[in-house]
Structure formats: C-alpha cells, structure tokens
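Colleague: no sequence on hand, only this structure:
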Ligand code: WTA
C-alpha cells in the first residue's frame, strides 16, 4: 500500500497506509453510506444503541414540524451518564479521562473516577446555589480542568451551559449573559497565555456591571493574582467545593432526549450572536459516533483536540464525544509556541499522544517556525491527524502530513459548524485523501452544491453548500429566536427543505467536496468565527465613529483578517493615534481575535437603496476584483 501521492486529474491523491486500513473501526465507506441514506433512521438507531438510555425512544425521527426536527422521541438520557457514570461500572473507572498541562508547566490528571468526584461535588454546589433544571449557567474560563467540570456539572443536574470563549471581552460576555438571562456565572481569576495573565475576573466584573442578571459568581483560583470580589455575589470555587454535601453523591438527572444541553453563541450574518441550541440525546449520539468512526478511536488512544472548549470544537470533541467514548483526553492551557515553538511536540512526546486535531491556522503558525522544532522530539506515537475551522491550503496540508505525520498519519479534514454539532463532511481513515478537500459526507448526510434556484451546479462549479437531510446533531433552534433559526438556515431553500450552510463549495468528478469559504458576513479569523455586525457595532460604540463596515480579507497565517472602513463623526480628523485607539477599542469590547488588521477612514460607504452596506463591494474593491452587479447600489 502506498501513502505517496498519486496524480489524479489535477489534484494529488494520498492513499491510506495499509496499517491504518487493516485496523480501522470502519472498513468500508460506499456500502455503509448507501445503507445509511436508504435507512437513515435505522443507521442512527443502531448508533444510539451504543449509548446508555434511562428509557429507549419511541421513534427515531419526528419530522412533522420541519425544520424543528426531533430525534429519539421520548427517549430518556443524560449525556453525563454516558460521559462519566457508565464508565465507573467498567475497568475505565481507573482509566485517565483528562491529562491537563498548564502553560507554566503544571500538570493535573483525572481518572474517570476522579472526574466523577469533581463533577459531582460541583454539581452539588450549583444545586445549593439554587441552579435548577432548565437554567442557563454562563461559563467564562481559561482552558483549565474546572471548565470541563463546570460544563459537566451543569449537564448532570439538567441545567444548560453557555460557555463564552475566554478570549472574548466585556461586551461580548455581557451580551451573552443577558441573552441567556444567566443568574450564575463561573469564571476564574485568570489564565495564562504567552506567559501573561489574562484577567478574566476583571472582565467578568465589568460585564456584570453591564448585564445585571448575575446573582452568583463562582471564581476558580488559577493564577492567585488579586481580583475584586463582591460580597454576597462572589464566591471562591475552592471554598464552595470544600463543603461536603450528601456524601459527595448526586444523582444524574433524567433528561428527555430533546432537553436543552447547552447554548453556544455564534456569529451570523446580521445583528447579535445567536445562541445555537443543542440537546442531550441527538447531540450525544452524533458526537460520539462521528468521533469514534472518523478518528478511529481505540481504548489505548490519547486524544488531543487542541481547540478551546469555548468553541463548538471543544464542546463536541474535547468534552462530550471523547468522554462518551471513554477516551483519554489531553488538554493544554496556553500558546503553542510558549516558551518555545516545540511546546506541542514536547507534549505529544511526553504524553504519547496518538491523535492530534487542530486548525489550519495553528498548523501554518507552527510551520513558520520550521520542522527543526519537531525533530527535537520523538512524536512517533501519532497515528492520525485532523484539521478543522477553515479550508486548509494544500501547502500546509502537505507540511502537516510530512513533518508531523511522517507520511503515515492520514489527515481528517473535517467540515462542520456550530449548528451541525459534529462532523458533516469528512474523510475516514480509509479514505484516499486530496489535500484541501474535506472529501465526502459522513453517514446519513446528503449534501449538494446548488445555485440560487436550488439546482445542482455542474461538476467542479462553485455554488451554495446545502444539506438535504436531517441529522441527530443538528441545532434544534436559536435560543429565544425560532424565527431567526428558520430565516437564517431554512428559508432560502424552504421548498426543498434543505439546510443552507452559509459556505460556498464545489464538488469534483470523484464526488469530493471542496469548501471555498463563507458567502455571508461571517468572517473566519484564525478559524474563529466572527460577524461583521459585531465588529461594526463595537466600532460605532466609540465616540468618534459615525458609521463602520467590516470585511475579511485573505491573510497568510490567519486565513482571513479583519479590515474595517470607518466614517468619523462630522468635523473629526483621522490620524494614526485614532486608528490605534479604534483597534484597541474593538479588542476591549469583543476580544483580541476581533481586533482589525487595518482601519480605513472613508467619506462614504457603498449601500443599497434600503441602506444596507454592500460589503461585497468593499471586498471586491480591496482585492482589485470586478465589483459585479451594482444595480442596487444607492448613488
Ligand atoms: C468553516 C467550526 C473548510 C466553514 C467547527 C464553516 C471549514 C465554519 C472547515 C463554521 C473545514 C469549518 N474546511 N472550512 N474543514 N471546518 N469550516 O461554527 O466556513 O466555528 O461554515 O464551527 O467554519 O464555523 P464554526
């Protein structure tokens, strides 16, 4: 068997290595795919059998109220029962669940038994604070084990979590707390990033001033630096969990399969971020199945998804999918190049990591430092690699394959979204790979690339990516905004009943899907998802700004970078100082990832007659491309 490239009509094909194929969990794609489409419900019922249910479902799929699909109707389950409790009855009780390394080099490990103790204690704390089934707890933390405990503790008692990425700042946090109407906030005194302390508690304090719904704020002591704690509202995590409750026991709540597990805010085309809602049943089945099949999970694997739990990748593939599968997960708090660019390779060697799943931005960043940093370490434990978040350029793919995977580890380029809950288009370890293509739909999923009329475009042509069939991991709605859910994803191809992904793509003659990128006003910066509207409203909240537009332009390392166009208030003059101030302002409001690369001061912005900013015109102009149809342009 060869794992060397074979030229096939313009794009290279990398055949999987025999060793991988021989032992793969899934041995054959085409036949099983066909079966999963012909009998979708049968396929998913079979997968759901791998989980533990308090009561089995009556019906696999209820599509009587499209697009509000229901899965595993009347099934009773709790995702935490599957992620922890059931493992305690097996030898996995003493298997490592989490290996965590802090940026300064401190290490903590938890077996499933130990994880259960932590989660149970914290679940009891939350209960004692009045948290009930159905409440939404906001979590704003660095990547420390307590973040995982907090998520699982919420789910265990039937509360939902809303994790806000620790890189977000005051306004982003305040807005999310308010939308979720959270009474409890869990945070930390800080986290480490490139040797510096990120002062999360301070940001949380500011956010609580702006959104006063929080009654209780629980703070984990991570850095020990001094933070302001308000009497009666603020409590230390270590104080609360040191009080024993009920023999450190806590029953895992029996939930309906369709009960809310979490909301996760993500950026859309217009307005505020939307709270994408996922459930206990379908999401558990989907994340566990995709994780196990795509990454070929075995009991002796050490799985490292180097994302942040604050994004969907972390929810699905650091926390839920892997724990349901009883995996040992690796977590790392800090920057990949701290103190030196060998940090990741050092940890892979030290812990014997077998699977690494990361983003093209991280790969490009590490590639820049060169392979000499890798070659200081023995990373031969690796057997599979993964990529997610944005299209991976073939150059980075090949570097990753050759230098990290030593030409023996297949790369799973997984395309999916916050809304999809788990992988949608992805290779399996047995799939012949083409660098830059996410290859083929996962089982049960039918995808197509269509034009505005909903007709499939020709082979190799670009169009809108749609998903034609429901899947268990699909978002159920947008929290408190079902109309927006319909409008955003289902309206355009309502007649056909298809889900619009918001990406453009093409499909080649072998049926391989090539994702091109977002076609809406979502900007992927370093794989992180931001919306034009958020950046614009942050800019406009500055005293000197009258109007603003934000677009993404290609960037070598980040994939895309934010470029802003700003109209100042009458009489104001722009200068370097102000440019810097505006960039800082966006950083302080939303977070460092949203900080514009460049700010252009302009007199007017291209708008439609109804007053909508035509960002595509700005983008085309900036790229020196044809601006296209301008018939709707005002003036
Ligand atoms: C992009 C992240 C190309 C895509 C899991 C999608 C990708 C958006 C890939 C969702 C990939 C994700 N190849 N593009 N393998 N994976 N994307 O919600 O534009 O943060 O629509 O979910 O990321 O971003 P989100």
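Modeller: Happy to help now that I have it. Since the structure is predicted, the reported quantities are computational estimates derived from the model, not experimental observations.

Colleague: hey, let's count contacts and neighbours off CA atoms from now on
Modeller: Fine.

Colleague: stretch 535-545: how far from the chain's middle?
Modeller: The chain centre lies 27 Å from the centre of stretch 535-545; the measure is Cα atoms, centre = their mean, to the nearest Å.

Colleague: endpoints of it, how far apart?
Modeller: Its first and final residues considered, stretch 535-545 spans 12 Å by Cα to Cα, to the nearest Å.

Colleague: same deal with stretch 389-401?
Modeller: So stretch 389-401: terminal residues 18 Å apart, Cα to Cα.

Colleague: likewise stretch 350-366?
Modeller: End-to-end distance for stretch 350-366, by Cα to Cα: 18 Å.

Colleague: shift numbering so it begins at 29
Modeller: Okay, using 29 as the starting number, the last item reads as stretch 378-394.

Colleague: quick one: buried residues of that stretch?
Modeller: Within stretch 378-394, the residues that count as buried by 16 or more other Cα atoms under 10 Å are 380-394.

Colleague: equivalent analysis for stretch 465-483, please.
Modeller: Using 16+ other Cα under 10 Å as the test for burial, stretch 465-483 gives 465-478, 482.

Colleague: dump the residue contacts of the nearest residue to residue 253 once chain neighbours are set aside.
Modeller: Excluding the flanking residues, the one nearest residue 253 by Cα to Cα, 6 or more residues apart in numbering is residue 217, at 7.1 Å. Residues in contact with residue 217 (Cα atoms under 8 Å, 6 or more residues apart in numbering) are 227-230, 247-255.

Colleague: show the model's pLDDT score for the residue in the stretch 29-178 of the chain that the ligand sits nearest to.
Modeller: Ranking the residues of the stretch 29-178 of the chain by distance to the ligand (Cα to the nearest ligand atom) places residue 39 first, at 16.7 Å. Note for residue 39: predicted pLDDT of 74.

Colleague: check residue 658 too.
Modeller: Per-residue pLDDT puts residue 658 at 79.

Colleague: hang on, it in a helix?
Modeller: No - Residue 658: not assigned to a helix; according to DSSP: H, G, I helix; E, B strand; the rest coil it is coil.

Colleague: quick check: mean pLDDT of the longest helix anywhere in the chain?
Modeller: Of all segments of type helix in the chain, defined using DSSP state H, the longest is helix 140-156. Averaging pLDDT along helix 140-156 yields 97.

Colleague: pull the residues that contact that helix.
Modeller: Contacts with helix 140-156, where a contact means Cα under 8 Å, 6+ apart, come from 112-113, 115-116, 120-125, 177-178, 180-182, 184-185, 268-269, 272-273, 276-278.

Colleague: count of neighbours near residue 50?
Modeller: Using other Cα atoms under 10 Å, residue 50 has 11 neighbouring residues.

Colleague: could you measure from residue 501 over to the ligand?
Modeller: 13 Å (Cα to the nearest ligand atom, to the nearest Å).

Colleague: OK, contacts around that residue?
Modeller: With Cα under 8 Å, 6+ apart, residue 501 has these contacts: 306, 310, 311, 312, 313, 314, 315, 448, 449, 450.

Colleague: so which of those residues belong to strands?
Modeller: Among the contacts of residue 501, the residues falling in strands (DSSP state E) are residue 306.

Colleague: the nearest residue to residue 402 once chain neighbours are set aside: which element?
Modeller: Residue nearest to residue 402 in three dimensions, not counting chain neighbours: residue 373, with 5.9 Å by Cα to Cα, 6+ apart. In this structure, residue 373 sits in helix 371-379 according to DSSP states H and E.

Colleague: quick one: neighbours of the residue of the stretch 29-178 of the chain closest to the ligand, just the number.
Modeller: By the criterion of other Cα under 10 Å, residue 39 has 15 neighbours.

Colleague: so who does it touch?
Modeller: Taking Cα under 8 Å, 6+ apart, we find residue 39 in contact with 462, 463.

Colleague: go again using 6 Å as the cut-off
Modeller: Contacts of residue 39 were listed using Cα atoms under 6 Å, 6 or more residues apart in numbering, and none were found.

Colleague: now, the contacts of residue 501 that are in helices?
Modeller: Judged by DSSP H, the contacts of residue 501 include 310, 311, 312, 313, 314, 315 as members of helices.

Colleague: and for the nearest residue to the fourth one once chain neighbours are set aside, the neighbour number?
Modeller: So the one you mean is residue 313. Once flanking residues are discounted, residue 313 sits nearest to residue 76: 5.6 Å by Cα to Cα, 6+ apart. Neighbours of residue 76 under the rule other Cα under 10 Å: 23.
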